[in-house]
Each structure stands twice: as structure tokens, then as C-alpha cells.
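In: Quick one, fold the following:
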Amino acid sequence: MLTKAFVKTQLFIESFKNDERGVTAIEYAILGVCMSAVVLAVFNDALFKALNDAVATISSNIGKANSTPAISG
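Out: Numbering: from 1, shown residues only. I've put the predicted structure just below:
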């Protein structure tokens, strides 16, 4: 009885020890975060300016759309 429990426990542990899917997912996540940090560090000023310009353009277009008279008919 004790031997059966030991064997089942060992097989259960071996199945988790050989499964590397979770480890691979964590490695890819860490790699993605590192790449994002490098891109952000390199393009920080340009990215910030581009986002500000885009928001300003969108706000301007919304303001123009609100100020034009509605077409009736």
C-alpha cells in the first residue's frame, strides 16, 4: 500500500518536472518586457511627441466637427 502511494507520487512529480510549457511562457514574457523596455528607452522622446501630436490632431478635428453647422434637409 505504501509502495503504491510512493510510486503514484513519484509519477505525479515526474509529470510536472518534465512539463516545460509554463517555463517557456514565462521566458517569452520576460523577453517581451525587456524588448519593450529597450524600445521605450530608445524612442521615448519621439514616441511621446508622436502621441502628443496625434492627440492634438484628434482634439482639433473633434473641435472642428463640433463647430460646423449641421446639414438640414
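In: In this structure, where is pLDDT below threshold?
Out: Of all residues in the chain, those with pLDDT under 70 make up the ranges 15-22, 70-73.
In: tell me, which helix in it spans the most residues?
Out: helix 21-67 (DSSP state H).
In: Tell me how many other residues crowd residue 30.
Out: A count of nearby residues for residue 30, using other Cβ atoms under 10 Å, gives 10. In this view, the C-beta of every residue, glycine as well, is placed from N, C-alpha and C.
In: I'd like to know how far it sits from residue 38.
Out: According to Cβ to Cβ, to the nearest Å, residue 30 stands 13 Å off from residue 38.
In: Please, which helix or strand holds residue 69?
Out: Counting by DSSP states H and E, there is no helix or strand that carries residue 69.
In: And it, how close does it get to residue 35?
Out: For residue 69, the distance to residue 35 equals 49 Å [Cβ to Cβ].
In: Could you do residue 28 as well?
Out: Per Cβ to Cβ, residue 28 is found 10 Å from residue 35.
In: Around residue 7, how many other residues sit close by?
Out: Neighbour tally, residue 7, other Cβ under 10 Å: 10.
In: element containing it?
Out: Counting by DSSP H and E, residue 7 is part of helix 2-17.
In: can you give me the angle that helix makes with helix 21-67?
Out: In terms of direction (axes from the mean of the first three to the mean of the last three Cα atoms, to 10 degrees), helix 2-17 departs from helix 21-67 by 40 degrees.
In: from now on call the first residue 13
Out: I'll keep to 13 as the first residue from here, and by that count the last item is helix 14-29.
In: Run through who's touching helix 14-29.
Out: Outside of helix 14-29, no residue comes within contact range by Cβ atoms under 8 Å, 6 or more residues apart in numbering.
In: coming back round to it: of residue 81 and residue 47, who's got more company?
Out: Neighbours of residue 81 and residue 47, each counted by other Cβ under 10 Å, are more numerous for residue 47; the result is 10 against 5.
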